[in-house]
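Novice: sequence plus predicted model, see below.
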2 protein chains.
Amino acid sequence: MHFADRLCAAIDAKGSAVVVGLDPRPESLPPHLLAACRAELGDNAEAVTEALWRFNRGIIDAVHDVVPAVKPQLAFYERYGVAGLEAYVRTAQYAKEAGLLVVADGKRNDIGSTASAYAEAFLGAPGDFTADALTVNPFLGRDGIQPFVDCAQRHDRGVFVLVKTSNPSAGDLQDMRVDGRPLYEHLGRLVECWGESSRGQSGYSSVGAVVGATWPEQAARLRSLMQHTLFLVPGYGAQGATAADVACCFDDRGHGALINASRSIIFAWRTERYAGRYSEVDYGAAACEAAQRMGDDIRNAQHRLSGAG
Amino acid sequence: MHFADRLCAAIDAKGSAVVVGLDPRPESLPPHLLAACRAELGDNAEAVTEALWRFNRGIIDAVHDVVPAVKPQLAFYERYGVAGLEAYVRTAQYAKEAGLLVVADGKRNDIGSTASAYAEAFLGAPGDFTADALTVNPFLGRDGIQPFVDCAQRHDRGVFVLVKTSNPSAGDLQDMRVDGRPLYEHLGRLVECWGESSRGQSGYSSVGAVVGATWPEQAARLRSLMQHTLFLVPGYGAQGATAADVACCFDDRGHGALINASRSIIFAWRTERYAGRYSEVDYGAAACEAAQRMGDDIRNAQHRLSGAG
């Protein structure tokens, strides 16, 4: 089944467009989890990567009924070398078995046969690193995107191309004025065009875009330019964007966007809002409530926007 | 010792500015190597990744006296999952022990704490993936570069920021006109500026740039704008650039650039020029001769240029 159709179906089935970022940091894990792994394996790197995996398993167990997808950020696994990547492999596998789509956030990029090698790793025949979709960086131009797009299409997977990222300095390059318009607009048109031949029955293509929720006006403009492009939207929660900020990323059927939050969900048990009711052993329950609340907030904001419009 | 100074010293010691790309592809390996691994380990993925590693070891044994550095392309290891990355780890370790600098070609990029996680993985305290330098992608702006630069500086390592890549569609974004000048020129100035506080005694900073040899005029222009920035130069050999094309990337002491070739060196035994004299078992000797010849060609082109100038 076409990637965009699978994603839209999963969003409908779960009644949520939230994608939970699996960005575990040892210093933010529930202390009992790390302690248990150290008691079993010793005070070593193996205990740390085992704790990363067990933490993710707990999050997946808690949220798999209420969200359509998870997004492991590869940097947090690579950080711990080969053992860290083994924790990623186990996490991605476990998430798939729990019925979740997996978006590998790797922002990979290269050209020609090198881009094909990355694409095969993440979007090809089933292997260690295979995910349902991969984030990719467009700086190298079409040569750097096409191998990912081709591989994704062959295997009913997807890509999300960075267009306007959520970080404060996103504009250093992305807002540069080219022929009177910001670079991200030109790029948005290119991405819409790169996906033209790979649209599913949902109307969306397997070539999506990363559009930061921290720039709501720009996101609204990009939504109008890219009507067949799924948005993967970072910036919600810890980075400051709200449900009202992301509402414009959806179409009027509630499709077209996947809204990411990482820290505000997976470490919800540490936040002021949840700390009173959940202890560290209930980190999964806190994450589930945070993910549900985020889904509700977004739905309400969508309704307000469509009511207003 | 400061990264740029170490690199300049290594270039002087070896009398060569060639960096050998370790981009092994199973289909291009000497058949006897793959056959031996399959005889030992079975016709499976483990045999393939073992062959990748043994191939690299043979190349390193052959070239470590004649070149200053190697550049493993991470995609070709990730392609084979965790076992592929184990082959990278062994390769990088072996290259360091052989006295070579290791440039990890990963084109990593992200923001804030995520960029820091990548930086720690490749440029931090010794670990599985640690290299002397890492290639990084600047699309996310300064937030996406600074964590790499800071980590590199703390550990006397380096980064090479993509500025003008060697591929045909590099210009899709990189040549866009911004205030009357191509984007890559603006970016080149930014990179020169990002490296300002991390210059070594050689005059070069630990923040280098990737500048494709396939665009010699643009490279010459960038060299004049970026007098304290080391260039990592892809595009030589299989991608079509010649010694004359790369000569402008150097300063008049023969420093300032590291010229990469991958296929034309590591698979030299398969090429018309060497196939008559080397069989597949001599792939290392063919690679050594190809690397030396390339170094000589570049030195001669430099002399011709400085003689003309």
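Specialist: Good, I have the coordinates.

Novice: where do the strands of the stretch 51-200 of chain A begin and end?
Specialist: Assigned by DSSP state E, counting those that start in this stretch, the stretch 51-200 of chain A shows strands spanning A:69-72, A:101-108, A:133-136, A:158-164, A:177-178, A:181-182.

Novice: is stretch A:55-69 in proximity to chain B?
Specialist: No: if you take Cβ under 8 Å from any Cβ of the partner chain as the test, stretch A:55-69 misses chain B, and the best it gets is 15.4 Å. The way it works is simple: take the backbone N, C-alpha and C, and place the C-beta from them, glycine included.

Novice: before we move on, what about stretch A:153-168?
Specialist: Yes: applying Cβ under 8 Å from any Cβ, one finds stretch A:153-168 in contact with chain B at A:162, A:165-168.

Novice: first-to-last residue distance for that stretch?
Specialist: 33 Å (Cα to Cα, to the nearest Å).

Novice: ok, back up a step: counting neighbours, which of the residues of stretch A:153-168 next to chain B comes out on top?
Specialist: residue A:165 (29 neighbours; other Cβ atoms under 10 Å in any protein chain shown).

Novice: can you give me the pLDDT of that residue?
Specialist: Residue A:165 carries a pLDDT value of 95.

Novice: wait, it sits on residue B:138?
Specialist: No: judged on Cβ atoms under 8 Å, residue A:165 makes no contact with residue B:138 at a distance of 11.8 Å.

Novice: the most centrally placed residue in chain A bridge partners, please.
Specialist: Nearest to the mean C-alpha position of chain A, counting by Cα atoms, centre = their mean, stands residue A:71 at 4.2 Å. Taking DSSP bridges as the rule, residue A:71 bridges to residue A:21.

Novice: got the contact list for it?
Specialist: A:19-22, A:102-105, A:232, A:260, A:262 (Cβ atoms under 8 Å, 6 or more residues apart in numbering or on different chains).

Novice: what pLDDT, on average, does the host helix or strand of residue A:232 get?
Specialist: For residue A:232, the element it lies in under DSSP states H and E is strand A:231-233. For strand A:231-233, mean pLDDT rounds to 98.

Novice: one more: stretch A:79-89?
Specialist: 98.

Novice: that one and chain B in contact?
Specialist: Yes: using Cβ under 8 Å from any Cβ, stretch A:79-89 comes into contact with chain B via A:79-83, A:85-86, A:89.

Novice: restricted to helices, list these.
Specialist: Residues of the residues of stretch A:79-89 next to chain B located in helices (DSSP state H): A:81-83, A:85-86, A:89.

Novice: weed out the non-buried ones from these.
Specialist: Buried members of these, counted by 16 or more other Cβ atoms under 10 Å in any protein chain shown: A:81-83, A:85-86, A:89.

Novice: of those residues, closest to chain B?
Specialist: residue A:81 (2.9 Å; Cβ to the nearest Cβ).

Novice: how many neighbours does residue A:306 have?
Specialist: 14.

Novice: now for it: which residues touch it?
Specialist: Applying Cβ under 8 Å, 6+ apart, the residues contacting residue A:306 are residue A:252.

Novice: that one: helix or strand, and which one exactly?
Specialist: Judged by DSSP H and E, residue A:306 forms part of helix A:283-308.

Novice: list the buried ones in that helix?
Specialist: Applying 16+ other Cβ under 10 Å to helix A:283-308 flags A:283-295, A:297-299, A:301-302 as buried.

Novice: of these, which fall within the contact range of chain B?
Specialist: Within the buried residues of helix A:283-308, nothing lies near chain B by Cβ under 8 Å from any Cβ.

Novice: distance of the spatially closest residue to residue A:209 that is not a sequence neighbour from residue B:169?
Specialist: Distances taken as Cβ to Cβ, 6 or more residues apart in numbering or on different chains place residue A:163 nearest to residue A:209, at 4.3 Å, with adjacent residues excluded. Spatial separation of residue A:163 from residue B:169 under the definition Cβ to Cβ, to the nearest Å is 17 Å.

Novice: so those two - more neighbours on which side?
Specialist: Neighbour totals were compared for residue A:163 and residue B:169, and residue A:163 leads with 32 against 17 (other Cβ under 10 Å).

Novice: contact partners for that one?
Specialist: With Cβ under 8 Å, 6+ apart, residue A:163 has these contacts: A:138, A:174, A:184, A:187-188, A:191, A:209-211, A:222.

Novice: hmm, 10 Å instead?
Specialist: A:138, A:170, A:174, A:183-192, A:208-212, A:218-219, A:222, A:225-226, A:229, A:231-232, B:139 (Cβ atoms under 10 Å, 6 or more residues apart in numbering or on different chains).

Novice: same thing with residue A:158?
Specialist: Counting by Cβ under 10 Å, 6+ apart, residue A:158 has contacts A:2-4, A:6-7, A:101, A:103, A:123, A:131-134, A:148-149, A:152, A:195, A:198, A:200, A:204-208, A:230, A:232.

Novice: same question, residue A:221
Specialist: So residue A:221 contacts A:164, A:181-182, A:184-185, A:188, A:211, A:215, A:248 (Cβ under 10 Å, 6+ apart).

Novice: can you do 6 Å?
Specialist: Counting by Cβ atoms under 6 Å, 6 or more residues apart in numbering or on different chains, residue A:221 touches no other residue.

Novice: okay, now residue A:50: neighbour count?
Specialist: 22.

Novice: quick one: the nearest residue to it once chain neighbours are set aside from chain B, how far?
Specialist: Nearest-residue entry for residue A:50: residue A:37, 4.5 Å, with adjacent residues in sequence omitted and distances by Cβ to Cβ, 6+ apart. In this view, residue A:37 and chain B are 19 Å apart by Cβ to the nearest Cβ, to the nearest Å.

Novice: do residue A:10 as well
Specialist: On the measure of Cβ to the nearest Cβ, residue A:10 and chain B end up 25 Å apart.

Novice: same check on residue A:303?
Specialist: Distance from residue A:303 to chain B, by Cβ to the nearest Cβ: 32 Å.

Novice: what parts of chain A come near chain B?
Specialist: Contact residues, chain A versus chain B (Cβ under 6 Å from any Cβ of the partner chain): A:73, A:75-76, A:78-79, A:81-82, A:85-86, A:107, A:109-111, A:114, A:117-118, A:120-121, A:127-129, A:137, A:139-143, A:165, A:167, A:169-170, A:172-173, A:176, A:178.

Novice: and the nearest residue to residue A:290 once chain neighbours are set aside, what does it touch?
Specialist: Among residues not flanking residue A:290 along the chain, residue A:268 sits closest, at 3.8 Å (Cβ to Cβ, 6+ apart). Neighbouring residues of residue A:268 by Cβ under 6 Å, 6+ apart: A:274, A:286-287, A:290.

Novice: repeat that for 8 Å
Specialist: Residue A:268 touches A:274, A:278, A:283, A:286-287, A:289-290, counting by Cβ under 8 Å, 6+ apart.

Novice: go on, residue A:15?
Specialist: A:295, A:299.

Novice: relative to chain B, how far out is it?
Specialist: Counting by Cβ to the nearest Cβ - residue A:15 and chain B are separated by 29 Å.

Novice: next up, phi/psi of that residue, please.
Specialist: The phi/psi pair for residue A:15 (degrees, to the nearest 10) reads phi 60, psi 30.

Novice: so how many other residues sit close to the closest residue to chain B within the stretch 151-300 of chain A?
Specialist: Nearest residue of the stretch 151-300 of chain A to chain B: residue A:172, at 3.0 Å (Cβ to the nearest Cβ). By other Cβ under 10 Å, the residues close to residue A:172 number 20.

Novice: equivalent analysis for the one 4 residues further on, please.
Specialist: When counting by other Cβ under 10 Å, one arrives at 19 neighbours for residue A:176.
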